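Visitor: quick check, what structure comes out for this input:
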Amino acid sequence: MRPSSYLLLAVLAASLGSCAEKLVRVKPYERGNLAKPIMTNSRAPLLEAMAEHAYFTREASFGGGGVGGGGCGCN
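Guide: Numbering: from 1, shown residues only. Prediction:
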């Protein structure tokens, strides 16, 4: 191997090694806090469900996303 290959390998190992310590380890007793409803991405789950239903009703060719019926919205 050429010396430039060793340098590239050393730089790559140093950059990847610095990423490993940034990983977050969630302890079992912290998982209860993360499972609370306030931690969800959606602040209004009913509004999000209605918006998804309207979207999938209009986009009948997409597959419905679990909503029954066709594109007419008469399910």
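
Visitor: quick check: the gap between residue 9 and residue 30.
Guide: Look at residue 9 and residue 30: by Cβ to Cβ, to the nearest Å, they are 37 Å apart. Any C-beta I mention is one placed from the backbone N, CA and C, and that applies to glycine too.

Visitor: oh sorry, the question was meant for residue 45
Guide: Relative to residue 30, residue 45 is positioned 23 Å away (Cβ to Cβ).

Visitor: quick check: pLDDT value at residue 19.
Guide: pLDDT for residue 19: 64.

Visitor: so, low pLDDT: which residues of the chain?
Guide: 1, 17-23, 59-75 (pLDDT under 70).

Visitor: now the helices for it?
Guide: Here the chain has its helices, by DSSP state H, at 3-20, 31-34, 45-58.

Visitor: any chance of those in a markdown table, plus mean neighbour count?
Guide: Listed next are the helices of the chain as a markdown table, based on neighbours: other Cβ atoms under 10 Å:
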| stretch | mean neighbour count |
| --- | --- |
| helix 3-20 | 9 |
| helix 31-34 | 9 |
| helix 45-58 | 12 |
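
Visitor: residue 34 against residue 26, yeah?
Guide: Yes - at 6.7 Å, residue 34 and residue 26 qualify as touching, with contact defined as Cβ atoms under 8 Å.
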